[in-house]
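Participant: need coordinates for the below:
(one chain, ligands or ions: 1)
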Amino acid sequence: MSRYLFDNTGAETGGRFHALESCYDSFSRRQLELTGLASGWKCLEVGAGSGSLGDWLGEQVGGSGDVTITDLEPSWAIPRQRPDHVRLLQHDIARDPLPGEGYDLVHARLVLLHLPDRLRVLERLVDALRPGGWLVLEEFDCGWTPVLAAPGQEAQDLFERVHTALMGLLEDAGADPLWGRRVLAAMARTGLEDLAAATYAEAWPGGGTGIALHRHNIDQVAERLIASGIKPGELDGFRALLEDRRFVVNSYPLISVRGRRPSERTDR
Ligand SMILES: C[S@@+](CC[C@H](N)C(=O)[O-])C[C@H]1O[C@@H](n2cnc3c(N)ncnc32)[C@H](O)[C@@H]1O
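Facilitator: Residues are numbered from 1 along each chain as shown. The predicted structure is shown next:
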């Protein structure tokens with residue numbers, strides 16, 4: 001059984017995917033283009049969520065290419081129309097056999113962070129590449145979300161208290177909230193070459209699209225937050241803060257790392 005904390009059966013999922021797409025898709029597309037992404041490429045998009053980036057890959061590679069989009073719970077990606085060279089699969093990257101091999105590009109955003117067995121999954125993703133193929137992993141570093149403006153110290157303290165409790169729940173579920181800062185070294189240890197990374201963050205003002213990610217996340221696990229010691233009134237105060245234009249918090253920094261499998265494999 002998956003221990004993924006924010007499983008896609010939750011009513012908050014659509015809002016979560018909307019926030020992620022709005023804030024990070026344009027940055028992710030730029031990072032994917034830096035691999036030389038071209039028509040005819042064979043790509044694997046793992047843990048695709050709404051499928052927005054997988055479908056964009058389908059447009060880039062065209063009909064001579066091939067894109068497989070996977071998710072543990074792919075229902076949010078099903079409604080989108082797709083051409084024949086783009087297929088959507090229900091697939092558990094931690095357990096199921098890989099859906100293919102010899103990929104020119106494998107991409108996963110905000111997936112391995114949640115997987116207790118992330119290093120083994122990373123090795124599997126590397127194995128799925130053709131020699132010279134690219135792996136692009138994009139992950140949050142949840143340890144750097146400074147409050148940039150607040151109506152008062154109490155508000156700042158409240159944000160930090162509830163956010164810290166949420167990070168505790170993620171860790172209990174086997175996630176690594178600091179995985180973003182560890183990805184490049186982990187990819188290097190697999191033998192990938194030409195490693196490069198870039199990080200994107202922006203200010204999230206109260207009432208905006210990005211900051212709503214926090215609301216969807218806490219709403220989905222509200223009962224567990226209360227069981228962990230957060231008071232219902234604190235959750236209400238947190239929700240109000242997220243709507244307050246005087247409150248601004250840094251987005252989660254998304255660290256995008258790319259590396260390619262050596263043309264001649266070396267022993268790992
Ligand atoms: C935080 S969401 C990110 C979605 C999308 N990649 C994005 O960045 O917008 C994590 C996604 O990973 C999927 N996921 C979690 N565990 C998975 C697994 N073992 N195999 C495949 N997908 C998984 C979830 O169902 C969810 O759609």
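Participant: when you work out contacts or count neighbours from here on, use the C-alpha atoms and nothing else.
Facilitator: Will do.
Participant: can you name the residues in contact with stretch 190-204?
Facilitator: Identification of contacts with stretch 190-204 by C-alpha atoms under 8 Å, 6 or more residues apart in numbering yields 24, 27, 31, 123, 126, 148, 184, 188, 210-211, 248-262, 266-268.
Participant: oh sorry, the question was meant for stretch 64-82
Facilitator: So stretch 64-82 is contacted by 7-9, 14, 39-52, 54-55, 57-58, 85-93, 99 (C-alpha under 8 Å, 6+ apart).
Participant: cool, and stretch 229-240?
Facilitator: By C-alpha under 8 Å, 6+ apart, stretch 229-240 touches 158-159, 162, 165, 215, 222, 226.
Participant: let's go with 6 Å and repeat that
Facilitator: The contact list for stretch 229-240, computed with C-alpha atoms under 6 Å, 6 or more residues apart in numbering, is empty.
Participant: same thing with stretch 38-47?
Facilitator: 54, 61-62, 64-71, 103-108, 111.
Participant: now do the end-to-end distance for that stretch.
Facilitator: Distance between the two ends of stretch 38-47: 22 Å, counting by C-alpha to C-alpha, to the nearest Å.
Participant: how about the residues of the chain by the ligand?
Facilitator: By C-alpha under 6 Å from any ligand atom, the residues of the chain that approach the ligand are 4, 7-8, 17, 20-21, 47-49, 71-73, 91-94, 108-111.
Participant: could you pick out the buried ones from these?
Facilitator: With neighbours counted by 16 or more other C-alpha atoms under 10 Å, the residues of the chain next to the ligand contain buried members at 4, 8, 17, 20-21, 47-49, 71-73, 91-94, 108-111.
Participant: where does the stretch 151-268 of the chain have low pLDDT?
Facilitator: Along the stretch 151-268 of the chain, segments meeting pLDDT under 70 span 264-268.
Participant: which stretches of it form strands?
Facilitator: Secondary structure of the stretch 151-268 of the chain (DSSP state E, counting those that start in this stretch): strands located at 193-200, 203-205, 248-250, 254-260.
Participant: now swap in the stretch 1-150 of the chain and tell me
Facilitator: 42-46, 66-71, 86-90, 103-109, 129-140, 147-149.
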